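Predicted model and sequence below, questions to follow.
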Amino acid sequence: MHITEKALCQLILFYTVSIIDETASKIEKMEIRGAGRIARAAVSALKEYALTIDEDDPERYLNALKEGCLRLKNTRPTAVSLSNALSYVMRHVSGESVDEMRESVAKAADNFVESSLRAVDQISAIGSRRIVDGDVIMTHCNSTAAIGVIIKAHRDGKHIRVYATETRPRHQGYITARTLAGAGVPVTLIVDSAVRFFMQEVDIVVIGADTVASNGVIINKIGTSQVALIAHEARVPVLVCAETYKFSRETAMGRIVEIEERDPSEIVNPAIFEGLDIKIRNPVFDATPPKYIDSIVTELGVISPFAAYEIIKKLEEA
Ligand code: RI2
């Protein structure tokens, strides 16, 4: 089959755009989810895109990269890990020629993915030291970092058991329960509204974060602030597991974190209320004040939530 040069260019263009679009759409639909995972998926897509953009002019090449970045960044507004990861890669674009630029993007994307996975491992090692033999743990939603801490404690021979909330409306708690059970951790699934009922048995709450604001506020899955408030009432410490790329520099500059609100159909089929004046709202994150959080475990160590600003400054200087 003979293929013209023009057709080949169109094919390459379609392929490159589709890498970005495909990943962006998977992130939007939450087929790829979790603050760390969306960051890694986005930079990996950007790398693939960077390697295949059919453009010889460095300026136009850079513009195409920026467009790809924007499409990926606009998929989910709350988790700062996504924009921090993409900004990291874009900051490292260097070189005079398109080939050099391609290489710099690929290298930065690989570096981000590698250091992000290393950070999760470091958090598991550090955070698991906070788990004591015999602890009953409660977790909410599905956080790779929090699960890493729990599984490491279990592998270290600590006899622990876990209450995992269902996490309405998308039931990410099912994934958590499956993962923990698969690793041999005794796990009990509970509905979100049973958190206070079971809190009296709990020794420590271990959760993740989508964004850590400069004032120590944690933005995480909707319901997290209720879990933390109940834990606070019961004098149960709350351990937040968050890689430093989840710390938001923008909040130090005064920006308020946007809370994503998703389609009501994730909660209930609106058709069942047809003809009735009923609104359904689906905010998917909430903000937990630092006074309800004992510590944040980062790959750099355990910090007080009130030290979030110091971490942001430190990263800026690095
Ligand atoms: P890791 C998730 O958001 C949850 O809120 C979870 O706690 C947080 O990201 C951090 O997850 P979503 O994508 O990065 O389910 O620790 O909305 O995996």
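Thanks, I have it.

since we're on the closest residue to residue 200 other than its chain neighbours, how many residues are nearby?
Closest residue in space to residue 200, ignoring its immediate chain neighbours: residue 234 at 6.3 Å, by C-beta to C-beta, 6 or more residues apart in numbering. Glycine gets a C-beta too; all of them are placed from N, C-alpha and C. When neighbours are defined as other C-beta atoms under 10 Å, residue 234 has 13 of them.

for residue 44, same thing?
The burial count for residue 44: 17, using other C-beta under 10 Å.

Give me the helices and strands touching the top helix by length along the chain, please.
Among the segments of the chain that qualify as a helix by DSSP state H, the longest is helix 98-128. In terms of contacts (3 or more C-beta pairs under 8 Å, 6 or more residues apart in numbering; DSSP states H and E), helix 98-128 is packed against helix 35-52, helix 58-73, helix 80-91, helix 144-155, strand 238-241, strand 295-298, strand 301-303.

want to try TSV for these, with distance to residue 116 as columns?
Output for the helices and strands packed on helix 98-128, formatted as TSV (distance: least, C-beta to C-beta, whole Å):
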stretch	distance to residue 116
helix 35-52	6
helix 58-73	15
helix 80-91	7
helix 144-155	10
strand 238-241	13
strand 295-298	12
strand 301-303	17
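
got a markdown table for the ones you listed, with distance to residue 220 and mean pLDDT too?
Listed next are those as a markdown table, based on distance: least, C-beta to C-beta, whole Å; pLDDT from 0 to 100:
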| stretch | distance to residue 220 | mean pLDDT |
| --- | --- | --- |
| helix 35-52 | 9 | 98 |
| helix 58-73 | 20 | 97 |
| helix 80-91 | 12 | 98 |
| helix 144-155 | 10 | 98 |
| strand 238-241 | 8 | 98 |
| strand 295-298 | 11 | 98 |
| strand 301-303 | 17 | 98 |
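
mind putting those in JSON lines, distance to the ligand included?
Below are the helices and strands packed on helix 98-128 laid out as JSON lines (distance: least, C-beta to the nearest ligand atom, whole Å):
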{"stretch": "helix 35-52", "distance to the ligand": "3"}
{"stretch": "helix 58-73", "distance to the ligand": "14"}
{"stretch": "helix 80-91", "distance to the ligand": "7"}
{"stretch": "helix 144-155", "distance to the ligand": "3"}
{"stretch": "strand 238-241", "distance to the ligand": "6"}
{"stretch": "strand 295-298", "distance to the ligand": "11"}
{"stretch": "strand 301-303", "distance to the ligand": "16"}
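
For residue 273, find the nearest of those.
Checking those against residue 273 by C-beta to C-beta gives helix 35-52 as the closest, at 31.8 Å.

starting at the chain centroid, how far to stretch 306-318?
Its chain's average C-alpha position is 19 Å from that of stretch 306-318, according to C-alpha atoms, centre = their mean, to the nearest Å.

Please enumerate residues in contact with that stretch?
212-216, 244, 247-249, 252, 290, 296, 298, 300, 303 (C-beta atoms under 8 Å, 6 or more residues apart in numbering).

then that stretch to PDB, C-alphas only?
What follows is stretch 306-318, C-alpha atoms only, in PDB (Å, rounded to 0.1, in the frame of the first residue of the first chain):
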ATOM      1  CA  PHE A 306       1.700  23.700  60.400                       C
ATOM      2  CA  ALA A 307       5.100  23.200  58.700                       C
ATOM      3  CA  ALA A 308       3.600  22.900  55.200                       C
ATOM      4  CA  TYR A 309       4.800  26.400  54.300                       C
ATOM      5  CA  GLU A 310       8.400  25.400  55.200                       C
ATOM      6  CA  ILE A 311       8.300  22.500  52.800                       C
ATOM      7  CA  ILE A 312       7.000  24.700  50.000                       C
ATOM      8  CA  LYS A 313       9.800  27.200  50.600                       C
ATOM      9  CA  LYS A 314      12.400  24.400  50.700                       C
ATOM     10  CA  LEU A 315      11.200  23.000  47.400                       C
ATOM     11  CA  GLU A 316      11.300  26.400  45.800                       C
ATOM     12  CA  GLU A 317      14.900  26.900  46.900                       C
ATOM     13  CA  ALA A 318      16.000  23.400  45.700                       C
END
